[in-house]
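**Q** How does the following fold in three dimensions:
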Amino acid sequence: MNGWVRPIHGLGFGALSNYIGPMPDAHALSSRLSRSSRPASPPRRRRSDLGFSLVEVMVSIVVLSIGVLGAVGMQLASLQASKEVRFQAVAGSMARELAEKMRGNHAVAIQLGNPYLISTTLARTATVSTPNTNCYTGPCSAPIDIARWDMADWQSRLRDALPAPRVEICFDDAPYDSAGAPRWACNSTPTSDVVVMKLAWTRADSRGELVTAGSASAVPLLVLPLTSGSPE
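**A** The predicted structure is shown next:
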């Protein structure tokens, strides 16, 4: 034969069929060709591979913003508390310093109307009057000159250390009212009482609103006896 199928010598038709195998029919062959010609469908992706939707991203941003705002609020409250503690420490230190000066100049400090007794609010731009005798550049021999210089220097430093402080230094035998709250009023004479310092400064209340020391609602934040009223 001259065709492409070369005969196999010695095999009959039945044997040849067994050798080659059964031939598929035309319908089955057509179905196979039809299925193989279809485009392959893309593989299905799992739900975890689809990513996040816009709603999920927005919800995450809102939750994160709430947490950040809470942390910022706590930080601001901590800073405010630290600042108040520092002001309290400065006020206590200044009060103790003045008490030592008054005890060192006791003969003047127990007198009515002495330079240590003041009632003033020291704004940041306030000017403290300078006494005639400058104890920094020259000697101060008179106790009254020492008292005037002590108070001028002390008020200048207090003005710079605290925000708009209000200070009352007076003879007082009842610095607290009947409810136990400190008060600004002084009601005593130097015959039997002590000199008391009452000090406050501009600060934020529990609602975060500023309360100036000179306002009607402000009360002394520090009440400290400075020296005994005894002439001894």
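**Q** for the most centrally placed residue in the chain, helix, strand, or coil?
**A** The centroid of the chain falls nearest to residue 76 when counting by Cα atoms, centre = their mean (1.8 Å). For residue 76, the secondary structure call by DSSP: H, G, I helix; E, B strand; the rest coil comes out as helix.
**Q** for residue 168, same thing?
**A** Under three-state DSSP, residue 168 falls in the strand class.
**Q** Tell me who's in contact with it.
**A** Counting by Cβ atoms under 8 Å, 6 or more residues apart in numbering, residue 168 touches 118, 119, 184, 186, 197, 198, 199, 220. The C-beta positions use only the backbone N, C-alpha and C, and glycine is treated the same way.
**Q** Which single one of those is nearest to residue 130?
**A** Distance to residue 130, by Cβ to Cβ, is smallest for residue 118 among the contacts of residue 168, at 15.1 Å.
**Q** So the closest one is in contact with residue 166, correct?
**A** No. The pair residue 118 and residue 166 fails to qualify as a contact (Cβ atoms under 8 Å) at a distance of 10.6 Å.
**Q** now the strands for the protein?
**A** All strands of the chain, identified by DSSP state E, fall at 119-121, 166-172, 194-200, 203-204, 210-211, 222-227.
**Q** Export these to CSV and append columns for distance to residue 83.
**A** Below are the strands of the chain laid out as CSV (distance: least, Cβ to Cβ, whole Å):
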stretch, distance to residue 83
strand 119-121, 20
strand 166-172, 18
strand 194-200, 15
strand 203-204, 9
strand 210-211, 13
strand 222-227, 16
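**Q** burial count for residue 186?
**A** Residue neighbour count, defined by other Cβ atoms under 10 Å, stands at 19 for residue 186.
**Q** Spatially nearest residue to it (excluding sequence neighbours)?
**A** The spatially closest residue to residue 186, leaving aside those adjacent along the chain, is residue 170, at 3.5 Å (Cβ to Cβ, 6 or more residues apart in numbering).
**Q** okay, that neighbour: pLDDT?
**A** Reported pLDDT at residue 170 in the predicted model: 91.
**Q** wait, what's in contact with it?
**A** 117, 119, 186, 188, 195, 196, 198.
**Q** re the thing from before, go through the contacts of residue 168 and give me the one with the most neighbours.
**A** Most surrounded of the contacts of residue 168: other Cβ under 10 Å gives residue 197, at 26 neighbours.
**Q** residues contacting it?
**A** Contacts of residue 197 by Cβ under 8 Å, 6+ apart are 95, 98, 99, 167, 168, 169, 222, 223, 224, 225, 226.
**Q** okay, the third one: pLDDT?
**A** Residue 99 is assigned a predicted lDDT (pLDDT) of 91.
**Q** just use 591 as the starting number from now, easier for me
**A** Taking 591 as the first residue, the last one we looked at is residue 689.
**Q** Number of residues surrounding the residue lying closest to it once chain neighbours are set aside?
**A** In this structure, residue 689 finds its nearest non-sequential neighbour in residue 816, 4.3 Å apart by Cβ to Cβ, 6+ apart. The number of residues packed near residue 816 is 19, by other Cβ under 10 Å.
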